[in-house]
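Colleague: give me the fold of what follows.
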Amino acid sequence: MMNTTPHIITSLLAMGMALAFIVADRNSPTSRALALFLAAIGVSIGIGSQVAYPLHSAGRIAWWDGVFALPESAAFYFAYEWILRVRRTVPAAGLQTRGPDRLLRVAQGLVVFYAIAAFAFPRLRVEKFINAGLHEVFMAAEPEFWLFALPLTLALALALFSGTLMLRRRPDRAESMRLIAFAIAAPFMASGVVLPGNVAPVTTAVGLLIFLVGAVQYHVVQGRRAQFMSRFLSPQVAEMVGRRGLKSATDEQTVELSVVCCDLRGFTAFTAATSSQKVIRILREYYDAVGAAAGDCGGTIKDQAGDGVLILVGAPLSYADHAERALRLARQIRERGMEITARWSDQDLRLGVGVGVASGFVTVGVIGGASRLEYTAVGPAVNLASRLCSEAAHGEVLVDGRTLELLGAAAERAQLRPAESLNLKGFQQPVQSYSLQAA
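Modeller: The predicted model follows:
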């Protein structure tokens with residue numbers, strides 16, 4: 001009898017990797033496909049060594065024996081599904097991607113063909129293919145062997161080719177490392193299907209470990225980047241960076257979005273007459289309130305200096321309803337800001353809060369050198385939001401005309417009323433403003 005201890009160890013290794021990846025990133029479709037791929041490997045090895053092998057050794061090959069091919073078929077299928085989902089997270093960079101994506105679907109179809117053949121010819125699969133060994137593969141393979149080997153070999157070749165084509169898009173470095181690790185590991189893992197039972201666990205384990213090195217490195221790099229980006233991006237954007245990579249999330253682009261700017265009224269005089277410890281406590285509470293509101297509405301804090309905060313709604317994470325979100329954000333900032341300023345004001349020193357909202361096309365992206373990066377936004381809407389904020393009185397939210405246009409039918413519901421036509425620095429023509437009424 002064959003010693004199945006190595007098979008059990010390898011099965012547990014695959015199952016443990018599946019559990020680790022799904023726990024680390026359970027909300028990612030890519031991680032779910034990866035976990036299913038690894039779990040299927042573990043189940044395939046476990047059932048094959050503990051159930052199928054004893055039956056086959058005793059000469060008991062039932063008509064339903066093809067059921068033992070389902071876990072290994074699932075492993076191949078979900079491996080190619082994982083590659084397909086990874087491809088969808090990498091920017092196309094102007095290249096045609098439908099062809100390689102279809103190759104992966106063809107590869108999955110070949111895996112389904114293999115499963116059907118296993119059910120149709122269970123005895124041929126057991127006697128001519130499973131654990132056939134190096135002699136069959138390289139020297140005297142019979143036609144029955146290729147009935148099962150050919151679809152799996154073609155499927156693997158198509159998948160590796162499609163995955164390799166992804167490197168032409170110059171994906172994120174961490175993603176490239178993971179793809180290369182898979183390309184090296186895949187032949188080792190796949191060979192476990194045909195190699196003799198005393199060799200198969202070793203090659204499969206080698207493949208799993210090679211892939212583990214690349215996958216762990218990927219998650220380490222992405223985790224560091226998400227931690228870095230979370231310092232000045234919304235939680236949604238930080239999550240996107242962790243899932244898609246820094247470059248994909250922060251490539252320079254011109255988009256229409258809404259900008260919300262807020263600052264405190266009377267803060268300079270208040271600072272001059274108040275202890276620095278008290279000023280820090282006020283700013284901390286103010287920043288926490290604005291940050292919570294930005295996270296709730298999908299905003300990205302671009303600048304936070306002194307008592308002023310500038311927030312982007314619509315980049316890097318795009319929203320079709322960015323204007324509505326910006327007004328909701330402005331309303332929340334006003335409500336929380338008025339609560340905070342009322343609590344910290346006294347008869348001699350009064351604090352207030354003003355908010356400006358503007359919409360328009362803005363160029364966003366990451367700039368900076370090797371030692372410092374900054375997510376920046378350049379466009380008239382950024383300046384306009386800042387100018388409107390400066391003009392707003394305590395408890396007032398001033399909104400520009402483009403935001404009103406984007407609201408469409410929702411404008412009436414938003415409770416915007418015409419305000420003054422303002423002569424603003426940097427704008428040649430007077431700017432019609434609108435005041436956001438209290439709910």
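Colleague: pull the residues that contact stretch 276-283.
Modeller: Taking contacts as Cβ atoms under 8 Å, 6 or more residues apart in numbering, the residues outside stretch 276-283 that touch it are 270-271, 307, 340, 344, 351. All C-beta atoms are positioned from the backbone trio N, CA, C, and that covers glycine.
Colleague: and the contacts of the helix or strand containing Thr164?
Modeller: Secondary-structure element containing Thr164, defined by DSSP states H and E: helix 143-165. For helix 143-165, contacts defined as Cβ under 8 Å, 6+ apart pick out 76, 79-80, 83, 86-87, 100-101, 103-104, 106-108, 110-111, 113-114, 117-118, 121, 124-125, 128-129, 132, 136-137, 141, 179, 182-183, 186-187, 190, 193-194.
Colleague: at 6 Å what do you get?
Modeller: Counting by Cβ atoms under 6 Å, 6 or more residues apart in numbering, helix 143-165 makes contact with 80, 83, 100, 103-104, 106-107, 110-111, 113-114, 117, 124-125, 128-129, 136, 179, 183, 190, all of which sit outside it.
Colleague: how big is the angle separating the helix or strand that that helix is followed by from helix 143-165?
Modeller: Elements were assigned by DSSP H and E; along the chain past helix 143-165, the next helix or strand is helix 173-191. Using axes from the mean of the first three to the mean of the last three Cα atoms, to 10 degrees, one finds that helix 173-191 and helix 143-165 are set 180 degrees apart in direction.
Colleague: which helices and strands sit right next to helix 173-191?
Modeller: Helix 173-191 sits against helix 143-165, helix 200-229, with contacts defined as 3 or more Cβ pairs under 6 Å, 6 or more residues apart in numbering; DSSP states H and E.
Colleague: for it, buried residues please.
Modeller: Neighbour-count burial for helix 173-191 flags 174-179, 181-186, 188-191 (criterion: 16 or more other Cβ atoms under 10 Å).
Colleague: nearest to Phe21, of these?
Modeller: Taking Cβ to Cβ as the measure, Phe21 lies nearest Arg178 of the buried residues of helix 173-191, at 11.2 Å.
Colleague: pretty sure that closest one sits against Tyr218.
Modeller: Yes - between Arg178 and Tyr218 there is a contact at 4.1 Å, judged by Cβ atoms under 6 Å.
Colleague: and the longest strand for the chain?
Modeller: With DSSP state E setting the assignment, residue counts place strand 352-368 as the longest strand in the chain.
Colleague: quick one: that strand to chain centroid distance?
Modeller: Centroid separation between strand 352-368 and its chain, computed with Cα atoms, centre = their mean, to the nearest Å, is 24 Å.
Colleague: equivalent analysis for stretch 13-31, please.
Modeller: Relative to the centre of its chain, stretch 13-31 is centred 14 Å away, using Cα atoms, centre = their mean.
Colleague: walk me through the domains of the protein.
Modeller: If the domains of the chain are taken from automatic domain parsing, they occupy 5-229, 252-436, with pieces of a single domain joined by a plus sign.
Colleague: using a markdown table, lay out these together with mean pLDDT.
Modeller: As requested, the domains of the chain are arranged in a markdown table below (pLDDT from 0 to 100):
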| stretch | mean pLDDT |
| --- | --- |
| domain 5-229 | 85 |
| domain 252-436 | 86 |
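Colleague: for the contacts of stretch 276-283, work out which two are farthest apart.
Modeller: For those, the maximum inter-member distance is 15.2 Å, found between Thr271 and Ile340 (Cβ to Cβ).
Colleague: quick one, strands of the stretch 301-439 of the chain?
Modeller: Ranges of strands within the stretch 301-439 of the chain are 308-313, 352-368, 373-378, 397-399, 416-422, 431-436, based on DSSP state E, counting those that start in this stretch.
Colleague: still on that earlier bit, got a ChimeraX select line for the buried ones in the contacts of helix 143-165?
Modeller: Of the contacts of helix 143-165, the buried ones go into a single ChimeraX selection, burial set by 16+ other Cβ under 10 Å:
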select :80,83,100,103,104,107,110,111,113,114,117,124,125,128,129,136,179,183,190
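Colleague: now, the contacts of helix 143-165 that are in helices?
Modeller: Helix and strand membership here follows DSSP state H; of those, those in helices are 80, 83, 100, 103-104, 106-107, 110-111, 113-114, 117, 124, 179, 183, 190.
Colleague: just the terminal-to-terminal distance for stretch 358-378.
Modeller: 13 Å (Cα to Cα, to the nearest Å).
Colleague: burial of Gln217, as a residue count?
Modeller: Residue crowding around Gln217 was assessed by other Cβ atoms under 10 Å; the count is 15.
Colleague: surely it and Met177 touch.
Modeller: Yes - counting by Cβ under 6 Å, Gln217 sits close enough to Met177 to count as a contact (5.5 Å).
Colleague: contact partners for Arg336?
Modeller: Remark: with contacts taken as Cβ under 6 Å, 6+ apart, Arg336 is in contact with Ala289.
Colleague: what's the distance between it and Ala342?
Modeller: Summarising the geometry, the distance separating Arg336 from Ala342, computed by Cβ to Cβ, to the nearest Å, is 11 Å.
Colleague: for Gly99, same thing?
Modeller: Between Gly99 and Ala342 the computed distance is 62 Å (Cβ to Cβ).
Colleague: ok, now Val260?
Modeller: Summarising the geometry, the distance separating Val260 from Ala342, computed by Cβ to Cβ, is 21 Å.
Colleague: try Gly109
Modeller: 66 Å.
Colleague: with Arg87 instead?
Modeller: In terms of Cβ to Cβ, Arg87 sits 53 Å off from Ala342.
Colleague: neighbour count winner among the two?
Modeller: Neighbour tally, Arg87 and Ala342, criterion other Cβ under 10 Å: the higher count belongs to Arg87, 21 against 13.
Colleague: whichever helix or strand that one is part of: which residues count as buried?
Modeller: Secondary structure here is read from DSSP H and E; on that basis Arg87 sits in helix 69-89. Within helix 69-89, the residues that qualify as buried by neighbour count (16+ other Cβ under 10 Å) are 69-87, 89.
Colleague: between helix 143-165 and that helix, find me the angle.
Modeller: Orientation note: helix 69-89 sits at an angle of 20 degrees relative to helix 143-165 (the same axes, to 10 degrees).
Colleague: next one: helix 69-89 to chain centre, how far?
Modeller: Between the mean C-alpha point of helix 69-89 and the mean C-alpha point of its chain there is a distance of 18 Å (Cα atoms, centre = their mean).
Colleague: so which other helices or strands are in contact with that helix?
Modeller: Counting by 3+ Cβ pairs under 6 Å, 6+ apart, helix 69-89 packs on helix 29-47, helix 98-120, helix 143-165.
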